[in-house]
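Undergrad: Pasted the sequence and its predicted model underneath.
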Amino acid sequence: GASTITAEAIAALVSGELIGDGKTTVSGVAPLDRAGAGHLSILSSGKYAPMMATTKAGVVLVDPEFRDAAGAPRARIIVKQPLEKLLSLLPRLYPPESLAPGVAATARIAKGAILGHGVSIGEYAIIGSNAKLGEGVVIGPHSVVGDHVSIGDNARLWPGVTIYSGATLGARTMIHSGARIGCDGFGYVFRDGAHQKIPHVGRCIIGDDVEIGANTTID
């Protein structure tokens with residue numbers, strides 16, 4: 001699903017100095033030692049300079065310190081902080097997937113749930129009663145959104161995420177597969193010869209722009 005871009009266009013995007021064939025095209029990213037003719041790579045550290053001599057990369061972003069490093073890529077672009085510039089190019093090379101809005105036939109939406117404009121709800125997902133999903137929210141297959149949960153605009157739940165009742169997720173949050181948000185904590189009191197579980201009556205609040213990794217639990 002990668003896009004194709006020319007060395008000339010890359011140089012313009014990163015405001016770099018182009019040396020070589022500006023018509024060279026790349027459609028992927030790879031390190032110097034594994035890159036092919038269709039790959040963009042970088043040289044930003046002296047320890048990788050020997051790889052430049054044998055790389056097959058089509059285009060290399062090169063720190064000015066190594067502008068004359070041995071090697072023969074079809075194009076090299078001299079630019080400060082090549083890694084930072086590479087990060088800015090990745091969305092151009094690998095455009096994020098665009099999910100069509102809609103609710104899968106196997107999803108279950110409870111009474112009182114509010115769905116914002118452009119939401120996408122996957123197969124077998126469950127949305128609890130009075131839950132509120134903002135605009136552009138994506139709920140992955142087999143995910144569970146509990147009662148009274150609030151999810152901000154453009155948040156994404158990957159498959160198999162569970163959000164316990166009452167939790168709040170901010171805008172643009174991203175929660176990866178298997179995560180559990182809002183579970184009970186581990187509070188007990190030893191009383192009358194036994195461990196008594198403390199009722200957990202609070203809720204879990206996640207702010208804006210938070211990314212939560214796979215299989216994480218936040219209690």
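TA: Here it is on my side, so go on. Here the structure is a predicted model, which means the values were calculated and not measured.

Undergrad: use CA for all of it now, contacts and neighbours both
TA: Noted.

Undergrad: Neighbours of the nearest residue to Val161 once chain neighbours are set aside, how many?
TA: Leaving aside its chain neighbours, Val161 sits nearest to Ser143 (4.6 Å; criterion: CA to CA, 6 or more residues apart in numbering). Using other CA atoms under 10 Å, Ser143 has 25 other residues around it.

Undergrad: Quick check: the gap between Ser143 and Arg172.
TA: Distance from Ser143 to Arg172, counting by CA to CA, to the nearest Å: 17 Å.

Undergrad: just to revisit the earlier point, got a pLDDT number for the residue nearest to Val161?
TA: Per-residue pLDDT puts Ser143 at 98.

Undergrad: ok now do it, which residues does it touch?
TA: The contact partners of Ser143, taken as CA atoms under 8 Å, 6 or more residues apart in numbering, are 124-126, 157-162.

Undergrad: Looking at these, which one is closest to Val62?
TA: Trp158 (36.1 Å; CA to CA).

Undergrad: How about the contacts made by the closest one?
TA: 138-141, 143, 174-177.

Undergrad: how about those, which pair is most distant?
TA: Pro141 and Met174 (14.7 Å).

Undergrad: Next one: the nearest residue to Pro31 once chain neighbours are set aside from Gly28, what distance?
TA: Spatial nearest neighbour of Pro31, excluding adjacent residues (CA to CA, 6+ apart): Ser41 at 5.5 Å. Counting by CA to CA, the gap from Ser41 to Gly28 is 9 Å.

Undergrad: Which one's more surrounded, those two?
TA: Neighbour comparison, Ser41 and Gly28: the larger count goes to Ser41, with 30 against 20 (by other CA under 10 Å).

Undergrad: could you say which helix or strand contains the more buried one?
TA: strand 39-43 (DSSP states H and E).

Undergrad: on that earlier part again, would you turn the contacts of Trp158 into a markdown table with distance to Ile218?
TA: What follows is the contacts of Trp158, written out as a markdown table (distance: CA to CA, whole Å):
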| residue | distance to Ile218 |
| --- | --- |
| Val138 | 20 |
| Ile139 | 18 |
| Gly140 | 19 |
| Pro141 | 21 |
| Ser143 | 16 |
| Met174 | 14 |
| Ile175 | 11 |
| His176 | 13 |
| Ser177 | 14 |
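
Undergrad: mind showing which ranges of the protein have poor pLDDT?
TA: Across the chain, residues meeting the criterion (pLDDT under 70) sit at 1-2.
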